[in-house]
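how would this look folded up:
(one chain, ligands or ions: 1)
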Amino acid sequence: MKQPTQANAVQQPIANQKRVIIVGATSGIGLTLAEHYLAAGHLVGLTGRNESVLRRMQDKYLGTAYIEPMDVTKPILAAAQLDNMILAMQGADIIIVNAGVGFIDKSLGWEKQQLTIETNVLGFSSICSAAAKYFIQKKSGHLVGISSIASLAGSDATPSYAASKAYVSNYLAGLRKKFIKMKLSIQVTDILPGFVDTPMGQSKQRFWVVSTDKAANQIIRAIEKNKKLAYISKRWRLIAWLMKILPDWIYNRI
Ligand SMILES: NC(=O)c1ccc[n+]([C@@H]2O[C@H](COP(=O)([O-])OP(=O)(O)OC[C@H]3O[C@@H](n4cnc5c(N)ncnc54)[C@H](OP(=O)(O)O)[C@@H]3O)[C@@H](O)[C@H]2O)c1
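This is a model prediction of the structure:
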């Protein structure tokens with residue numbers, strides 16, 4: 001990992017400066033979250049496969065942006081890379097596990113399903129458990145996972161994606177319970193976006209689409225308020241409620 005140079009490492013820290021690591025920070029929600037935290041003066045670790053975006057961010061925010069190229073589909077290596085980044089940043093206060101893929105594929109092709117599971121399930125678990133182990137030994141921290149409104153029900157168009165996001169939310173709930181039982185002050189926030197205007201969020205049937213700026217603002221606010229769960233945008237709470245009460249005969253037709 002490239003370290004800040006002597007010239008740019010000297011930077012006045014802001015009051016209450018946080019060290020935030022974003023796994024999957026090269027595009028969409030993750031990149032906008034990184035921009036918001038960096039613009040506010042926090043130290044941010046950015047990861048992802050797209051090295052040119054990582055380098056661009058490092059050059060733009062010299063001394064406060066740390067980068068680590070990472071592919072979460074190599075879960076053991078990715079967890080070690082997360083540990084490296086924590087060391088380079090001399091710790092982490094918030095770790096946001098945002099990396100994810102999703103495809104609409106009604107043909108049930110295996111390749112895309114496998115990539116979805118490798119990224120959203122195996123990669124997610126590996127990064128989350130490495131983050132959890134770090135926070136446990138530090139006895140504090142804030143773990144944030146980006147799930148989806150799709151986690152709330154099975155999907156005929158994207159069965160692997162919806163199932164993978166149910167896994168994400170359930171995994172986060174398990175870690176939250178673990179930290180509570182261990183009486184540790186480690187927060188866990190589960191983020192459930194509806195539709196966000198990103199390269200991934202380009203569905204023909206989308207509605208209530210929000211910009212990445214709005215999504216990032218709401219996610220940051222949810223983290224600051226130690227929310228257990230946050231819908232992005234907030235009106236998706238209504239859809240979540242409807243999904244819970246909808247009888248099967250309606251659910252199976254929509
Ligand atoms: N957009 C929506 O409408 C929406 C709705 C609900 C939930 N979400 C969730 O929000 C998260 C972000 O999605 P987005 O819409 O912002 O999508 P995006 O613009 O495609 O960004 C996805 C991010 O994940 C990273 N990523 C993907 N595969 C990776 C891998 N193997 N290793 C490391 N990083 C990887 C990408 O980085 P590289 O390509 O550089 O690796 C990129 O930074 C995802 O978890 C997604 O499921 C999005």
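
contacts, neighbours, all on C-alpha from now
OK.

where do the helices sit along the stretch 151-254 of the chain?
Using DSSP state H, counting those that start in this stretch, the helices of the stretch 151-254 of the chain run over 159-181, 212-224, 236-245, 248-251.

what packs against the first one?
Contact partners of helix 159-181 among helices and strands, from 3 or more CA pairs under 8 Å, 6 or more residues apart in numbering; DSSP states H and E: helix 110-117, helix 124-138, strand 140-146, strand 185-193.

pLDDT weak spots in the stretch 101-250 of the chain?
Counting by pLDDT under 70, the stretch 101-250 of the chain shows low-confidence ranges at 201.

relative to D190, how far out is V101?
Using CA to CA, to the nearest Å, we find V101 at a distance of 17 Å from D190.

comparing these two, which residue is more hemmed in?
D190 (27 against 16; other CA atoms under 10 Å).

report the beta-bridge partner residues of that one.
G145, L229 (DSSP bridges).

show me what contacts it?
By CA atoms under 8 Å, 6 or more residues apart in numbering, the contact list for D190 reads 144-147, 169, 172, 228-230.

could those residues go into a markdown table alongside distance to G30?
Formatted as a markdown table, these follow (distance: CA to CA, whole Å):
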| residue | distance to G30 |
| --- | --- |
| V144 | 12 |
| G145 | 11 |
| I146 | 10 |
| S147 | 13 |
| S169 | 18 |
| L172 | 18 |
| K228 | 19 |
| L229 | 18 |
| A230 | 16 |
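
where does L54 fall, phi/psi-wise?
phi -60, psi -50 (degrees, to the nearest 10).

and for it, the neighbour number?
Quick note: L54 (other CA under 10 Å) scores 24 neighbours.

rebuild the helices of the stretch 151-254 of the chain as JSON lines, extending it with distance to the ligand and mean neighbour count.
As requested, these are exported to JSON lines (distance: least, CA to the nearest ligand atom, whole Å; neighbours: other CA atoms under 10 Å):
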{"stretch": "helix 159-181", "distance to the ligand": "7", "mean neighbour count": "19"}
{"stretch": "helix 212-224", "distance to the ligand": "8", "mean neighbour count": "19"}
{"stretch": "helix 236-245", "distance to the ligand": "11", "mean neighbour count": "14"}
{"stretch": "helix 248-251", "distance to the ligand": "20", "mean neighbour count": "10"}
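
in a markdown table: these, plus distance to H42.
Output for the helices of the stretch 151-254 of the chain, formatted as a markdown table (distance: least, CA to CA, whole Å):
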| stretch | distance to H42 |
| --- | --- |
| helix 159-181 | 25 |
| helix 212-224 | 12 |
| helix 236-245 | 29 |
| helix 248-251 | 44 |
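
nearest to M57, out of those?
The minimum distance between M57 and the helices of the stretch 151-254 of the chain falls on helix 212-224, with 16.9 Å, by CA to CA.

off-centre distance for the closest one?
12 Å (CA atoms, centre = their mean, to the nearest Å).

what angle do that helix and strand 185-193 make?
150 degrees (axes from the mean of the first three to the mean of the last three CA atoms, to 10 degrees).

okay, the angle between helix 212-224 and strand 140-146?
140 degrees.

and helix 212-224, what does it pack against?
Using 3+ CA pairs under 8 Å, 6+ apart: helix 212-224 touches helix 28-39, strand 185-193, strand 229-232.

residues in contact with the shortest one?
Applying CA under 8 Å, 6+ apart, the external contacts of strand 229-232 come out as 149, 189-194, 215, 218-219, 222, 237.

mind listing what's buried in it?
Within strand 229-232, the residues that count as buried by 16 or more other CA atoms under 10 Å are 229-232.

that one vs the ligand: in contact?
No. Strand 229-232 does not reach the ligand (CA under 6 Å from any ligand atom); its nearest approach is 8.4 Å.

wait, which of the contacts of strand 229-232 is closest to D83?
T189 (20.8 Å).

show the contacting residues for that closest one.
Counted by CA under 8 Å, 6+ apart, T189 has contacts 142-145, 172, 222-223, 226-230.

tell me the spacing between it and D213.
19 Å.
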